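Chemist: Here's a sequence, model it:
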Amino acid sequence: MAKFGNDVKKDLNFNRYEDNLKNMLRVLKAKSDVIKKGGGEEAIEKLHKKGKLHARERIAKLIDPGSHFLEIGLFTAYGMYEEYGGAPSSGTIFGIGKIHNRDVVIVANDATVKAGAWFPITCKKNLRAQEISIENRLPIVYLVDSAGVFLPLQSEIFPDKEHFGRIFRNNAVMSSMGIPQIAAIMGPCVAGGAYLPIMSDEALIVDKTGSVFLAGPYLVKAAIGEDADLEELGGASMHCEVSGVTDYKMPNDDVCLETIRSLISKFGATAKAEFDRVESKPPAFEQNEIYGIIPDDRTKPYDTKQLLARIVDAGEYDEYKADYGKTLVTAYARIDGWAVGIVANQRAVVKTKKGEMQVGGVIYSDSADKATRFILNCNQKHIPLVFLQDVTGFMVGTRAEQGGIIKDGAKMVNAVANSTVPKITFIIGNSYGAGNYAMCGKSYDPRFIFALPTAQIAVMGGKQASETLLSIKIQQMNAKGKEISKEDKDKMLKEISDRYYTELDPLYAAARLWVDGIIDPIEIRTIISRSIGIATNNPHMPKFNPGVIQV
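Modeler: Okay, here's the model as predicted:
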């Protein structure tokens, strides 16, 4: 067993990198503080005057006191739907919390954001919540307070496979899988949205504030001419005493939340996946030093092993094929006591056996071959995988193509796609092209995927992409007989670059749920441990079948 890294030189570069990353985190926190207020302080106060709690207050009272709520999708919809006034966190808050020390997925509509209405991305976020519940066999609690579909965008949320109806389909499938679903109707629950709580296994409703119906009073009047009283149409007393649609009538939010806790406290024990864990040891070096290791320029090299030394227990590891395929680090280690297999892009300048120098971040044939074999080994041994991405893609050029880079890359992608052990991905810096896929990007089903503020996700880097797009545009204009001046070229390049770099921002990715969140790098270790702990709730790991891989 070896040890990762060593003391870092705390020079001018270290200080500059540290200042850069901490400043990014300060900006991120300021944005998150605003988002967490949903529709704002006034809107929250209006809820309080109605005797209702804000969605975040409800979650805080539902989970165990002092426990951590692993929020997913805080920045969902960031910068989107601005023409409608925006939708902070997509009007829905969700994550995994502890209730009587049991992991539970919690989904809460934020009534301060368009009365909890569903935007297209809200639907995607709710489907992600159900996906996490299904993958990890976690109970799920829905705190419903929603006006239903946001009608101006109904065509983008209603009919397709990944749209609104899929949620109710999942309700049915999850019940058949034995995953408990509890819904609390704590505000309006209208039209198609009424199916979500009623297709859950048990439904609570708060008196005088909760209501559920397929059509509200205005629609009933328009459709059949009936003047319907809100409480008689879909209030708590009617549904608990007459229709029998709901199971528990609650006097207020506090009692409702305490009742949910009581119901969950009586759940029986379930089988667990037995991933190996021993007593935890702290990392060999201070985690805060990570701030000074990650460069302020994505083209600059850094030693990934220095990063790992501040994440893994005691800095100890067993590196697989240490002297082969050096642009990827593959190693067995422990994180908070959990056995893990690490696949990390190496950004340091390394020497090959031929004495050549190459800057890491690129996946070569030998690196892909090594990673493929390592992933097979981890699946055989039931060891969860951790991917640390800082990748510009697979190597290109005549030599690489003749060496079979496509074939070796395909093997690695195949291994990642067919891997059945839990996969947890962190995007440290670059995440470009097929490198994103091979290093377990969102489309390759990581259980959880997070980005650092320094991350970028795209087909290729901004400079290369902007120049490529400019060349195409100039060729098109030249074909029409138009001459382009240098000033016009510079102006066009700036316009293209500005747009492309906006799309490279990790907030752009987080807004669209390409990642589950943007995190402080010193949270990596904690999130890995929490993620594996959550994954243990599903003992039904499919048998690994590597497909057509030939190694």
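Chemist: quick one: the residue in the chain sticking out farthest from the centre from Lys489, how far?
Modeler: Note on the chain: the largest separation between a C-alpha and the mean C-alpha position, by CA atoms, centre = their mean, falls on Gly481 (47.8 Å). According to CB to CB, to the nearest Å, Gly481 and Lys489 sit 17 Å apart. Every residue, glycine included, has its C-beta placed from N, CA and C.
Chemist: same question, Arg166
Modeler: Computed as CB to CB, the Arg166 to Lys489 distance reads 46 Å.
Chemist: Same question for Asn345.
Modeler: 34 Å.
Chemist: Those two: who's more crowded?
Modeler: Taking neighbours as other CB atoms under 10 Å, Asn345 and Lys489 compare with Asn345 leading, 26 against 13.
Chemist: Report the contact partners of Pro197.
Modeler: Shown in contact with Pro197 (CB atoms under 8 Å, 6 or more residues apart in numbering): Tyr142, Val144, Ala183, Ala184, Ile185, Cys189, Ala203, Val212, Thr246.
Chemist: before we move on, back to that, tell me, what's the model's pLDDT at the residue farthest from the centre of the chain?
Modeler: Gly481 is assigned a predicted lDDT (pLDDT) of 76.
Chemist: Kindly report the same for Ala215.
Modeler: Looking at Ala215, its pLDDT reads 82.
Chemist: Just give the number of residues close to it.
Modeler: A count of neighbours around Ala215, defined by other CB under 10 Å, yields 18.
Chemist: can you tell me the helix or strand for Ile457?
Modeler: Ile457 belongs to strand 456-458 when assigned by DSSP states H and E.
Chemist: Which neighbouring elements make contact with that strand?
Modeler: Judged by 3 or more CB pairs under 8 Å, 6 or more residues apart in numbering; DSSP states H and E, the packing partners of strand 456-458 are strand 423-432, helix 486-504, helix 506-511.
Chemist: residues making contact with it?
Modeler: 298, 427, 429-432, 436, 441, 451, 462, 465, 500, 503-506, 509, 514-515.
Chemist: how about 6 Å then?
Modeler: Under the contact criterion CB atoms under 6 Å, 6 or more residues apart in numbering, strand 456-458 has outside partners Asn430, Ser431, Tyr432, Leu504, Ala509.
Chemist: Using pLDDT, spot the least trustworthy of those residues.
Modeler: Leu504 (85).
Chemist: Which pLDDT value does the model give the closest residue to that one other than its chain neighbours?
Modeler: Excluding its sequence neighbours, the residue lying closest to Leu504 (CB to CB, 6 or more residues apart in numbering) is Gln456, at 4.4 Å. Gln456 is assigned 92 on the pLDDT scale.
Chemist: burial count for Gln456?
Modeler: Per other CB under 10 Å, the neighbour tally for Gln456 reads 21.
Chemist: before we move on, the earlier item: closest to Ile534 among the contacts of Pro197?
Modeler: Taking CB to CB as the measure, Tyr142 is the one of the contacts of Pro197 closest to Ile534, at 18.6 Å.
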